[in-house]
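S.K.: model the structure of this input:
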Amino acid sequence: MASGLYDIITVGGGLGGSALAKVMAEHSARVLVLERERQFKDRVRGEQMHPWGVAEAKKLGIYDLLRDTCGHELPYWNTYQGSALTGRRDITATTPQHAPEFAFYHPAMQEVLLSAAADAGAEVRRGATVREVKPGAMPTVVIEWEGRVEELRARLVVGADGRASLVRKWAGFTVHHDPPRLLIAGVLFDEMPAVPQDASCVVLNPDLGQAVPLFPQGGGRVRAYFVYLKEAQYRLQGEADIPRFIAESVKTGAPAEFYAGAKVCGPLAIFDAADAWVEHPYRQGVALVGDAAASNDPSYGEGLSLTVRGVRVLRDSLLGHEDWDTAGHAYAEEYDRFYGAIHTVTSWYTDIFYERGPAAEARRARALPLIAQDGSRVPDHIFSGPDLPLDESVRRRFFGEE
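M.R.: Alright, predicted model coming up:
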């Protein structure tokens, strides 16, 4: 666009930026997507979406596209205590959304959605470096692209640039952090046929404060994670640490046969799992989506669902208000509500399943036998979403304090 004036500029062409560009371009908005990478490559990121996120993706009109091009539906959720399978939940039958878990290879998803945004009429610039974002009534974005520097304006700039968002910094948002309690390491394996290909699998070991989530992508490919306490004071990073990653996973209780013959096909990387978020992710013409707005502890796999919920709420707000400043504030208020619910529940999970020390042991001794007798004591927001009831009675029932 020669004038350099757009309705929306998204900084980042991942799930959040591309999905928003697609759905708003379909409503005749003039959208520009700025994506730094010319070719997406594998990094350890979320690649699994819970049923409530699947429902949001359907509302955005992107689910069928992803399922048919790069997705893998997982209708079951297998839970292991040690190496024993203790639960196999039919996710489609037991969630309000009647939807499965959903997995995909992240770079493939990015390519599909970025192409879909372009097909819908959004302008896409790959290899673009954003140098600055200036908030205001008509915010501006300074970019370097194809050897020249440009200053572009939009009614709304959307920061979809991830956990280390520069848009967030430039726009003056304050970031809040939980105290670090967990670390999560992840790697992509091929040739893991012993892992059930129809189920997300999670091995829990509260005695060690460790867990092993495994998310099949079909054909024996699995994104494998290992969650452990930060106080362990070691980090699993790089190819040399793959043997220890596997050994610690097996020690946690993952069946050794899961890893027999597995071939590494991506990097091993590790992250601090503490939440980081902003309150009210809109100000002065700049909205944040995805991890730029809030990064929930990735141990619980809520990031993708939070992203598509945020995009859907932002789309609905923009389409429902002539004044986009009003729309931005409405989006931010709703975002605070639904992210706050997920943040609360995942913090409770960490208290029950990972925390160490006498108080934590007493908490588990009280709660876990009751949960074993009645699984409905566990808040289902992880799977079924942030709109379930959430109050002190829910907390007390989960912790066995009623």
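
S.K.: so residue 325 makes contact with residue 285?
M.R.: Yes - assessed by C-beta atoms under 8 Å, residue 325 is found in contact with residue 285 at 7.3 Å. No exception for glycine: its C-beta is placed from N, CA and C like everyone else's.

S.K.: give me the common contacts of those two.
M.R.: residue 137 (C-beta atoms under 8 Å, 6 or more residues apart in numbering).

S.K.: those two: who's more crowded?
M.R.: residue 285 (22 against 15; other C-beta atoms under 10 Å).

S.K.: quick check on that one: phi, psi?
M.R.: phi 80, psi 10 (degrees, to the nearest 10).

S.K.: that one and residue 158 touch, don't they?
M.R.: No - using C-beta under 8 Å, residue 285 is not in contact with residue 158, being 10.0 Å away.

S.K.: how about residues contacting stretch 255-271?
M.R.: 42-44, 80, 83, 183-192, 194-195, 214, 221-222, 235-239, 241-242, 245-246, 249-250, 298.

S.K.: please read the previous query as pertaining to stretch 223-238.
M.R.: Residues contacting stretch 223-238 (C-beta under 8 Å, 6+ apart): 47-48, 103, 180-189, 192, 208-215, 217, 244-245, 248-249, 252, 267-270, 272-273, 299, 354, 356.

S.K.: among those residues, which lie within strands?
M.R.: 48, 103, 182-189, 210-215, 217, 269-270, 272 (DSSP state E).

S.K.: grab the nearest non-local neighbour of the most centrally placed residue in the chain.
M.R.: With distances taken as C-alpha atoms, centre = their mean, residue 303 lies nearest the centre of the chain, 1.5 Å away. In this structure, residue 303 finds its nearest non-sequential neighbour in residue 46, 4.3 Å apart by C-beta to C-beta, 6 or more residues apart in numbering.

S.K.: could you count how many residues lie near the one you found?
M.R.: 24.

S.K.: could you do residue 321 as well?
M.R.: 15.

S.K.: not counting sequence-adjacent ones, nearest residue to it?
M.R.: residue 327 (3.9 Å).

S.K.: show me what counts as buried in stretch 385-392.
M.R.: Using 16 or more other C-beta atoms under 10 Å as the test for burial, stretch 385-392 gives 385, 386, 390.

S.K.: longest single strand anywhere in the chain?
M.R.: For the chain, the strand with the greatest residue count under DSSP E is strand 148-159.

S.K.: mind listing what's buried in it?
M.R.: By neighbour count on 16+ other C-beta under 10 Å, the buried set for strand 148-159 is 152, 153, 154, 155, 156, 157, 158, 159.

S.K.: can you list contacts of the next helix or strand after it?
M.R.: Downstream of strand 148-159, the next assigned helix or strand under DSSP states H and E is helix 166-170. The contact list for helix 166-170, computed with C-beta under 8 Å, 6+ apart, reads 11, 130, 132-135, 157, 159, 161, 175, 278, 286, 288, 292.

S.K.: what's the answer for stretch 84-91, then?
M.R.: Taking C-beta under 8 Å, 6+ apart as the rule, stretch 84-91 contacts 51, 74-80, 99-101, 199, 375, 383.

S.K.: of those residues, which belong to strands?
M.R.: 74, 76, 77, 78, 79, 80, 101, 199.

S.K.: from the residues you listed, which is closest to residue 16?
M.R.: residue 101 (20.0 Å; C-beta to C-beta).

S.K.: local confidence estimate at the closest residue to the closest one other than its chain neighbours?
M.R.: The spatially closest residue to residue 101, leaving aside those adjacent along the chain, is residue 74, at 3.9 Å (C-beta to C-beta, 6+ apart). Note on residue 74: pLDDT of 98.

S.K.: check contacts around residue 74.
M.R.: 48, 91, 100, 101, 102, 103, 198, 199, 200, 215, 216.

S.K.: now the buried members of these.
M.R.: Buried among the contacts of residue 74 by 16+ other C-beta under 10 Å: 48, 91, 100, 101, 102, 103, 199, 200, 215, 216.

S.K.: taking those residues together, which two end up most distant?
M.R.: Spatially, the most separated pair among these is 91 and 216, at 13.7 Å (C-beta to C-beta).
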